[in-house]
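Undergrad: predicted coordinates and the sequence they were generated for:
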Amino acid sequence: MALAFRSFQFRKETIKKMTLYSELGLKADPGFFEELVTLRRDIHKYPETAFQETRTAAIVAAELGKSGISVNRGLATTGVVGTLKGEIAGSRTIGLRADMDALFIHEKNEFEYKSVNAGKMHACGHDGHTAMLLGAAKYLAKHRNFSGTIHFIFQPAEESEGGARVMIEQGLFEKFPCDAVYGMHNMPGLAVGKFVIKSGPMMAAGDTWQVEFVGTGGHGAAPHLATDPTMASAMFMSNISTVVARNVSAVDSAVISIGHIVAGEFNSPNIIPSTVLVRGTARSYTPETRDKIEARLSVLAQSSASAYECQANYKFIRRYPPLINWPDQTATAIDAATRTAGHKNVEGKGQPLGGSEDFAFMLEKVPGAYILMGNGDKDSNKFVHNSLYDFNDEALPHGIAYWVNLVSVELGDIS
């Protein structure tokens, strides 16, 4: 597949950031930054959603191949894994992961590299994640003074479809064994050059639950002749707050929210519906709390239905597990971030986030850690999953330097 990148106009203040590479300890030629900005913006312009990242995967594979990195394609349909061995013999192997997929959002930005794929947009910065890991891979291919092996894992379908889980199920860590695996995500509202991480639960489990309450329904004027699922659902909805309040430890945290309710016909308000569907999300930070929420919601659904002589069809769909950083690898990540940004710019005891991330599946299989890096504290209202979001190109050098320093900590100093 022949690929050519568009040439984009760069702001003068952005081009000045090329000097950051030397300031961050990277020996990069003057065109390195501009090349990566061009690549990042090209990926942004042509966003691809879950398991459809064919063009993006082709770019990744081509760039890795040009740098002499061994390339494997096809895990989870569009996944790419590049393997690079150091010049110094060593048995330790680490994985560095970036996600590649976009979201189903119509972009409202008006810059020249805005999405041309209608209804699709890189609104979470995966274009930047891909560019940073590619930049690190290209740099490390030229500076192989490390001991051991690196697997550069470019993962599809992070957004809701669990691409990490699919890669693992298809043999990721059997084909590419890792002693440790690391991930990174940009964070709008956090200044460029700053990093945040914590040991233990870093992001929440993201699960979906639903209850279909079933009764006979009937005429609104004769409720005594019907069994009414609206009353059962109302009882259930008013009681779900008790799960967190009375079944989750005060020193733990969890959230249960209702996001979807369907019942009856708009044009028939005089009819008691025969079914009410209630759906929502549950967020938790430990396996024990996750289990408790699933069990208690079931009890509340059944008891609410029984109270009104109805039935409850309950489902709890486990999507992403809690992302739990391993202590030793968290310390390694803090070391790498400190080498990159200095001690004052690294928060090693950050607060856990309520969002979910499928890198959690990798951390269930292999020791590792996941870190947040600043994407800029200006326009912080343009958070991820926003139609006006754009990855900050000025963060690219910091992300690349972090990956390189992480390899230095894990596999030996890089000259």
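TA: Arrived safely, thanks for sending. Numbers count the residues shown, from 1 in each chain.
Undergrad: can you point out the buried residues in stretch 158-169?
TA: Neighbour-count burial for stretch 158-169, counted by 16 or more other CB atoms under 10 Å, picks out 158-168. (Glycine included, C-beta is placed from N, CA and C.)
Undergrad: which one of these is nearest Lys175?
TA: Nearest to Lys175 among the buried residues of stretch 158-169 is Met167, at 9.7 Å by CB to CB.
Undergrad: OK, contacts around the closest one?
TA: With contacts taken as CB atoms under 8 Å, 6 or more residues apart in numbering, Met167 has the following neighbours: 75-76, 79, 153, 155.
Undergrad: which SSE is it in?
TA: In this structure, Met167 is located in helix 163-169 according to DSSP states H and E.
Undergrad: next: Leu396.
TA: Element membership of Leu396, judged by DSSP H and E, is helix 396-411.
Undergrad: if you count neighbours, what's buried in that helix?
TA: By neighbour count with 16+ other CB under 10 Å, helix 396-411 contains the buried residues 396-411.
Undergrad: same question for stretch 35-54.
TA: When neighbours are counted by 16+ other CB under 10 Å, the buried residues of stretch 35-54 are found to be 35-53.
Undergrad: in strands only, show me those.
TA: Taking DSSP state E as the definition of strands, the buried residues of stretch 35-54 contribute nothing to them.
Undergrad: just the helices in the stretch 301-415 of the chain please.
TA: Counting by DSSP state H, counting those that start in this stretch, the stretch 301-415 of the chain has these helices, from start to end: 327-341, 359-365, 396-411.
Undergrad: out of these, nearest to Ser304?
TA: helix 359-365 (31.5 Å).
Undergrad: all the helices of the stretch 101-250 of the chain, in order from the start?
TA: 126-142, 163-169, 172-175, 229-239, 241-247.
Undergrad: make CSV from those and add distance to Lys27 to it.
TA: Supplementary listing: the helices of the stretch 101-250 of the chain in CSV, determined by distance: least, CB to CB, whole Å:
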stretch, distance to Lys27
helix 126-142, 8
helix 163-169, 33
helix 172-175, 32
helix 229-239, 60
helix 241-247, 52
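Undergrad: which one of the ones you listed lies nearest to Leu277?
TA: Nearest of these to Leu277, taken as CB to CB: helix 229-239 at 8.5 Å.
Undergrad: that older thread, hmm, which two among the contacts of Met167 are most spread apart?
TA: Looking across the contacts of Met167, with CB to CB as the criterion, the two at the greatest separation are Ala76 and Ile153, at 10.5 Å.
Undergrad: between these two, which has more neighbouring residues?
TA: When Ala76 and Ile153 are compared for neighbours, Ile153 comes out ahead with 27 against 23, by other CB atoms under 10 Å.
Undergrad: so what's the more buried one closest to, chain neighbours aside?
TA: Arg97 (4.2 Å; CB to CB, 6 or more residues apart in numbering).
Undergrad: okay, and the one you found sits in which element?
TA: Here Arg97 is assigned to strand 88-99, by DSSP H and E.
Undergrad: tell me which residues in that strand are buried?
TA: Buried residues in strand 88-99, counted by 16+ other CB under 10 Å: 92-99.
Undergrad: got it, and stretch 278-297?
TA: Under the neighbour-count criterion of 16+ other CB under 10 Å, stretch 278-297 has 278-286, 289-290, 292-294, 296-297 buried.
Undergrad: centre-most residue in the protein?
TA: Nearest to the mean C-alpha position of the chain, counting by CA atoms, centre = their mean, stands Glu357 at 3.8 Å.
Undergrad: and that residue, how far from Tyr320?
TA: 7 Å (CB to CB, to the nearest Å).
Undergrad: ok, Asn72 next?
TA: For Asn72 relative to Tyr320 (CB to CB), the value is 25 Å.
Undergrad: who has more neighbours out of the two?
TA: For Asn72 against Tyr320, the residue with the higher neighbour count under other CB under 10 Å is Tyr320, and the figures read 23 against 15.
Undergrad: do you know the pLDDT at the more buried one?
TA: Reading off the confidence values, Tyr320 has pLDDT 96.
Undergrad: about what we covered before: just the buried residues of stretch 35-54: which are in helices?
TA: For the buried residues of stretch 35-54, the ones inside helices are 35-45, with DSSP state H as the criterion.
Undergrad: closest to Gly68 out of those residues?
TA: If you rank those by distance to Gly68 using CB to CB, Glu35 comes first, at 16.7 Å.
Undergrad: sorry, back to before: quick one: which two of the buried residues of stretch 278-297 are the most distant?
TA: Greatest spatial distance among the buried residues of stretch 278-297 (CB to CB): Val278 and Thr286, at 25.2 Å.
Undergrad: what's the burial count for Arg246?
TA: A count of nearby residues for Arg246, using other CB under 10 Å, gives 8.
Undergrad: now tabulate the contacts of Met167 in JSON lines and tack on pLDDT and distance to Met237.
TA: Putting the contacts of Met167 into JSON lines (pLDDT from 0 to 100; distance: CB to CB, whole Å) gives the following:
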{"residue": "Leu75", "pLDDT": "98", "distance to Met237": "41"}
{"residue": "Ala76", "pLDDT": "98", "distance to Met237": "37"}
{"residue": "Gly79", "pLDDT": "98", "distance to Met237": "40"}
{"residue": "Ile153", "pLDDT": "98", "distance to Met237": "41"}
{"residue": "Gln155", "pLDDT": "98", "distance to Met237": "37"}
